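Visitor: Model the following, please.
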Amino acid sequence: MPGVYKGMPRAPKWSPEEDALLTKLWGEPAALKNVEHLFPLRTEAALVARGRDLKLPDRRRSMPAQRAAQGSGARIKAILESRPATAAELAALAVCSQPTVRRFITANRAEMRIARYLPNAGDGSPTAVWAWGAGRDAKRPAPKSREELSARYYRKLKRERLDKFDQLRAQQRVRAATKAGTLVRRDPLVAALFGGAA
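Guide: Numbering: from 1, shown residues only. This next block holds a predicted model:
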């Protein structure tokens, strides 16, 4: 009898040899899609369904750490053994998510160290550069003061957004004049006829 699609061959009944092979491979961390070729005419979904029929343990719960160690974990470790990198760089190079990298760092913290810190262009907090191999972490730089962060922000504005910088400076002058009591406010009718005060 044809399968779901006309002309598609139907998979034969599961043999005892296939069940034994699936049971053996089920306990190994390799993904089922990587061993699918050992089961002709069967898909990964068919392997999962047969595993449930055989009452095999849930692979998603029983071995995530071992599977990660063979997959993304192995890639992250290989990158760190070749060169230091930030968490974001590790995620990009190992083709995985940053939460995966953070879990790897937590699990292998005793075998890793912070080689140095990079200044962060955003909020001023430094970014750790990780290296493989136990040792002392680099000293974390002292956090920048609010005044330093503000000065850096204004320098960046003056360099990249002069219009925004001028607008903020004008607002600061108005606030300072208001606080000092030297701000001249024209009558709304006079301002409408002759314009605001220069």
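
Visitor: In terms of secondary structure, what does the longest helix seen in the chain contact?
Guide: Identified as the longest helix of the chain according to DSSP state H is helix 162-180. Contacts defined by 3 or more CB pairs under 8 Å, 6 or more residues apart in numbering; DSSP states H and E place helix 162-180 against helix 146-160. (Each C-beta comes from the backbone N, C-alpha and C, glycine too.)

Visitor: and the helix it packs on, how far from the chain's centre?
Guide: How far helix 146-160 lies from its chain's middle: 28 Å, per CA atoms, centre = their mean, to the nearest Å.

Visitor: Check which residues of the longest helix of the chain are buried.
Guide: When burial is assessed from 16 or more other CB atoms under 10 Å, helix 162-180 yields the following buried residues: residue 165.

Visitor: Let me know the angle separating it from helix 146-160.
Guide: 130 degrees (axes from the mean of the first three to the mean of the last three CA atoms, to 10 degrees).

Visitor: So which residues make contact with helix 162-180?
Guide: 154, 157-158, 183 (CB atoms under 8 Å, 6 or more residues apart in numbering).

Visitor: how is the chain carved up into domains?
Guide: 16-63, 71-132, 146-194 (automatic domain parsing).

Visitor: Could you report the separation of the residue nearest to the spatial centre of the chain from residue 89?
Guide: What sits nearest the mean C-alpha location of the chain, by CA atoms, centre = their mean, is residue 98, with 2.6 Å. Distance of residue 98 to residue 89, given as CB to CB, to the nearest Å: 10 Å.

Visitor: one step back: now list the buried members of the contacts of helix 162-180.
Guide: By 16+ other CB under 10 Å, the contacts of helix 162-180 give residue 157 as buried.

Visitor: least confident pick among the contacts of helix 162-180?
Guide: Lowest pLDDT of the contacts of helix 162-180: residue 183, 73.

Visitor: Which pLDDT does the model give the residue lying closest to that residue once chain neighbours are set aside?
Guide: The shortest distance from residue 183 to any non-neighbouring residue, by CB to CB, 6 or more residues apart in numbering, is to residue 177 (3.9 Å). Listed pLDDT for residue 177 reads 82.
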